[in-house]
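following is a predicted model, sequence given first.
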Amino acid sequence: MQNRICFGLIALLLFLFESCAAQSNVNLIDDELVTITSEKLSYYLYYPEDYEEKGDEQYGLLLFLHGGGESGDSLVAIKRNGPPKMIVEGKKFPFLILAPQNPYQKKWWNTRALHQLLDTVITQNRVDRKRVYLTGLSRGGGAAWEMAVQYPDKFAAMAVVCGMAPLPYAAWIDKDMPIWVFHGEEDKSIPFSESEDMVNKLLDMGYQVKFTRYPGVGHNSWVKAYNTEELYTWFTQQKRAD
């Protein structure tokens, strides 16, 4: 028995010695790498009817982010839903509408690339930087929340339709920016609770939030949401103070 105990102690000491020796050979270095990423974003840009006539006037701009079903390399797919679909059907809007396409069918939106595209379009056109609006549906709704978190000084108002919400980062969103959220209560793709929990948290913190819930409606709540005429009147009434 004593021999076994001695053998065990020796084995343990050898293991500890080897572990210490291995750790002493670890080198921790400091280094850095400047990464460069690029993104090709195709997009539609809508101009109000009187844009050319009123050459000295600045206009608001609505950034629209589509859902996962319109992602890919066929830009025409964007016209299936939301404001682009309404434009094709003859709807007139009082502001510019920027509708980019997410080139990846199974990846999230690249919000940094979106921000760069948005800034470029604003610079190249007569856009009032205090009247830049944001909206998105489904995966695009999640990206809209993310844009509001990452760029809180950018938008005058935001409308999100059935989007995944960044609940832990709600406080990063500009408290002075009005928000309107839409969601179907029977949504099986992105649970209704995503919007409900986010809205409740924002309201608890004193944010300006409107919440439209659709009983009996599933994931395609964007049909009702974007056909709400009041939504576009509401957008035009918003303007950043700073």
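It's in.

most residues in a single strand of the chain, which one?
In the chain, taking DSSP state E as the definition, the longest strand is strand 127-137.

sketch out the helices for the chain, chain order is fine.
Assigned by DSSP state H, the helices in the chain fall at 2-24, 82-88, 111-124, 139-150, 192-204, 222-226, 229-236.

okay if I get those as CSV plus mean neighbour count, mean pLDDT and distance to Leu63?
Heads up, the C-betas are built off the backbone N, CA and C, glycines and all. Converted to CSV, the helices of the chain look like this (neighbours: other C-beta atoms under 10 Å; pLDDT from 0 to 100; distance: least, C-beta to C-beta, whole Å):
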stretch, mean neighbour count, mean pLDDT, distance to Leu63
helix 2-24, 9, 49, 52
helix 82-88, 19, 97, 10
helix 111-124, 16, 97, 6
helix 139-150, 24, 98, 8
helix 192-204, 18, 98, 20
helix 222-226, 20, 98, 14
helix 229-236, 15, 98, 11
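
so for Ser38, which of those helices sits nearest?
Checking those against Ser38 by C-beta to C-beta gives helix 111-124 as the closest, at 8.1 Å.

any idea how far the closest one is from the middle of the chain?
Relative to the centre of its chain, helix 111-124 is centred 14 Å away, using C-alpha atoms, centre = their mean, to the nearest Å.

got it, and stretch 77-95?
The answer for stretch 77-95 is 20 Å, by C-alpha atoms, centre = their mean.

and stretch 107-118, by the same measure?
9 Å.

can you dump the C-alpha atoms of it in CSV for me?
Taking C-alpha atoms only, stretch 107-118 is exported to CSV below (Å, rounded to 0.1, in the frame of the first residue of the first chain):
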residue,chain,number,x,y,z
LYS,A,107,-26.0,36.5,-43.5
TRP,A,108,-27.0,39.5,-41.5
TRP,A,109,-26.9,43.0,-42.9
ASN,A,110,-23.5,44.7,-42.9
THR,A,111,-24.5,47.8,-41.0
ARG,A,112,-21.2,49.5,-41.3
ALA,A,113,-21.5,49.3,-45.1
LEU,A,114,-25.1,50.5,-44.9
HIS,A,115,-23.9,53.5,-42.9
GLN,A,116,-21.3,54.3,-45.5
LEU,A,117,-23.8,54.0,-48.3
LEU,A,118,-26.3,56.2,-46.5
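
what's the closest non-adjacent residue to Glu186?
Nearest residue to Glu186, sequence neighbours excluded (C-beta to C-beta, 6 or more residues apart in numbering): Gly218, at 4.8 Å.

let me see the contact set for the one you found.
Residues in contact with Gly218 (C-beta atoms under 8 Å, 6 or more residues apart in numbering) are Gly184, Glu186, Asp187, Lys188, Ser189.

neighbour-wise, which one of these leads?
Gly184 (26 neighbours; other C-beta atoms under 10 Å).

any idea what sits nearest that one, other than its immediate chain neighbours?
In this structure, Gly184 finds its nearest non-sequential neighbour in Val217, 3.3 Å apart by C-beta to C-beta, 6+ apart.
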